[in-house]
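Q: Pasting a predicted model and its sequence here:
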Amino acid sequence: MRSKVVLAYSGGLDTSAAIKWLDEKYDMDVIAVTIDVGNEKDFTQVKDKALKAGAIKCEVIDAKNDFVDEYIFPALKANAYYEFEYPLATALSRPLMAKLMVDIARKEGASAIAHGCTGKGNDQVRFEVSTASLAPELKSIAPAREWGMTREETINYALKHNIPVPVTVETPYSIDANIWGRSIECGILEDPWNEPLEDAYEMTRSIEQAPENPEYIEIGFDKGLPVSFDGQNYDGLAMIQMLNQLAGKHGIGRIDMIENRLVGIKSREIYEAPAAITLLKAHLGLESLVLSKMQMNFKQKLSQEYADLVYNGLWFSAHRQDLAAYVESTQRFVTGTVRLKLHKGNCIVVGRKSPYSIYSHSLATYDKGDLFDQAAAPGFIHIWGLPLKTQSQLQKEEG
Ligand code: ARG
């Protein structure tokens with residue numbers, strides 16, 4: 001009996017060719033799985049294509065709500081940016097995809113999962129490490145990493161096997177998109193000196209095209225989760241979709257960075273992440289009002305560790321789970337409202353309030369009503385500086 005493989009199917013050339021290739025090379029039946037994380041495709045057409053290419057089955061899974069609740073929002077609570085800039089849209093989606101593929105593999109009695117990644121990126125690592133940790137019995141196969149075909153050879157292979165090849169002029173870029181952001185690589189972007197052309201962007205307007213007038217918005221949080229917009233309740237997915245439109249219109253969320261991939265390559269990355277940037281800024285704005293200095297400091301260090309783990313394909317590690325538990329605990333008073341000004345590529349926190357604010361006006365004020373005891377300052381400074389004074393007196397440098 002032929003064994004089965006569950007393939008992460010995008011509808012593109014590589015994963016379409018992979019269906020035939022897995023059949024020929026591994027003698028396997030392919031179950032294609034297309035996971036909707038907000039990548040806005042015509043999924044009936046994608047399914048059709050998978051079956052035409054020879055898949056015995058194609059499942060389309062709408063995973064948008066799971067993606068928001070179980071991956072995006074935990075990362076938002078952790079303020080996770082990779083290398084201070086990238087909100088991790090692609091990186092967060094891969095463990096979810098792996099999990100759904102593992103579920104299908106088990107249901108269908110498949111012996112392997114497959115994906116369309118090459119050997120140069122992070123996604124191969126994320127898929128395979130996630131799969132290995134969830135289902136050690138499953139093999140991972142990466143056709144595009146193994147077959148050694150150039151793009152032209154892949155097209156010819158597809159043509160030879162009657163696999164539909166996109167006829168439209170192909171984008172000069174390599175793109176991955178979901179509701180948390182869009183990544184654009186390759187083409188002229190491979191020269192770090194080249195400014196991206198407008199055709200690279202889809203979710204955001206340029207600063208030049210953004211409205212002349214600022215727009216003010218209010219986002220309400222409950223225990224670290226965004227729950228309302230301008231006083232109206234929103235569910236997570238609707239909030240993200242709406243903010244992608246609104247902040248995108250104001251040109252917010254464009255990122256141009258040189259990123260360090262896990263596999264040792266520096267790569268030029270363009271991202272657009274209007275909702276992610278808006279929510280991350282708002283969330284941090286509220287945290288600054290309700291968390292202590294110690295909590296803020298420690299959480300900032302943890303954020304980096306957390307983002308690195310996600311980026312490096314370790315979502316299902318015990319370490320990430322432990323960090324997430326700490327983060328969750330920090331969110332118990334992150335309830336309140338943040339006011340933001342959106343204007344020409346800028347998203348600025350201009351107001352914040354919370355029933356759990358630990359900002360004390362009577363301690364901060366320079367006006368009437370000051371309760372801070374300034375007479376206590378000299379004693380504090382004396383003791384604070386005492387170890388420095390002692391050390392410098394006892395260890396005089398020679399010369
Ligand atoms: N560099 C990003 C990451 O590793 C995005 C990769 C997405 N792929 C693409 N073809 N644009 O998460």
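A: Nice, I can see it.

Q: Validate this expectation: Arg145 resides in a helix.
A: Yes - under DSSP: H, G, I helix; E, B strand; the rest coil, Arg145 falls within a helix.

Q: what's the helix or strand containing Ser267 in contact with?
A: Per DSSP states H and E, Ser267 falls inside strand 266-272. For strand 266-272, the external contacting residues (Cβ atoms under 8 Å, 6 or more residues apart in numbering) are 85-87, 89, 181-185, 189-192, 196, 200-204, 248, 253-261. C-beta coordinates here come from the backbone N, C-alpha and C atoms, glycine included.

Q: which of the residues you listed come close to the ligand?
A: 183, 185, 259 (Cβ under 6 Å from any ligand atom).

Q: if I look at the second one, how far off is Leu88?
A: Using Cβ to Cβ, to the nearest Å, Glu185 is found at 15 Å from Leu88.

Q: Between these two, point out the one with more neighbours.
A: Neighbour tally, Glu185 and Leu88, criterion other Cβ atoms under 10 Å: the higher count belongs to Leu88, 23 against 18.

Q: Run a quick neighbour tally on Pro74.
A: Counted with other Cβ under 10 Å, the neighbours of Pro74 add up to 20.

Q: What of Phe43?
A: Quick note: Phe43 (other Cβ under 10 Å) scores 17 neighbours.

Q: Which residues does stretch 64-79 contact?
A: Under the criterion Cβ under 8 Å, 6+ apart, residues 36-38, 87-88, 92-93, 95-96, 178-180, 224-226, 236-237, 240, 276, 279-280, 283-284, 287, 299-300, 302-303, 306-307, 310, 315, 323-324, 327-328, 330-331, 334 lie in contact with stretch 64-79.

Q: what about 7 Å?
A: Defining contact as Cβ atoms under 7 Å, 6 or more residues apart in numbering, one finds that stretch 64-79 is touched by 36-38, 88, 92-93, 96, 179-180, 224-225, 236-237, 240, 279-280, 283-284, 303, 306, 310, 324, 327-328, 331.

Q: try stretch 209-227
A: By Cβ under 7 Å, 6+ apart, stretch 209-227 touches 73, 77, 228-231, 233-234, 239, 249-251, 279, 282-283, 286, 331-332, 334-345.

Q: CA-only coordinates of stretch 7-23 in CSV, if you can.
A: Presented in CSV, the C-alpha positions along stretch 7-23 are these (Å, rounded to 0.1, in the frame of the first residue of the first chain):
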residue,chain,number,x,y,z
LEU,A,7,1.6,18.7,2.1
ALA,A,8,1.4,22.4,3.2
TYR,A,9,-0.1,23.7,-0.1
SER,A,10,0.0,27.3,-1.1
GLY,A,11,-1.3,27.0,-4.7
GLY,A,12,2.0,28.3,-6.1
LEU,A,13,4.3,26.7,-8.6
ASP,A,14,6.6,24.9,-6.1
THR,A,15,4.0,23.2,-4.0
SER,A,16,2.0,22.3,-7.1
ALA,A,17,5.1,20.6,-8.6
ALA,A,18,5.7,19.0,-5.2
ILE,A,19,2.5,17.1,-5.5
LYS,A,20,3.7,15.2,-8.6
TRP,A,21,7.2,15.0,-7.4
LEU,A,22,6.2,13.3,-4.1
ASP,A,23,4.2,10.8,-6.1
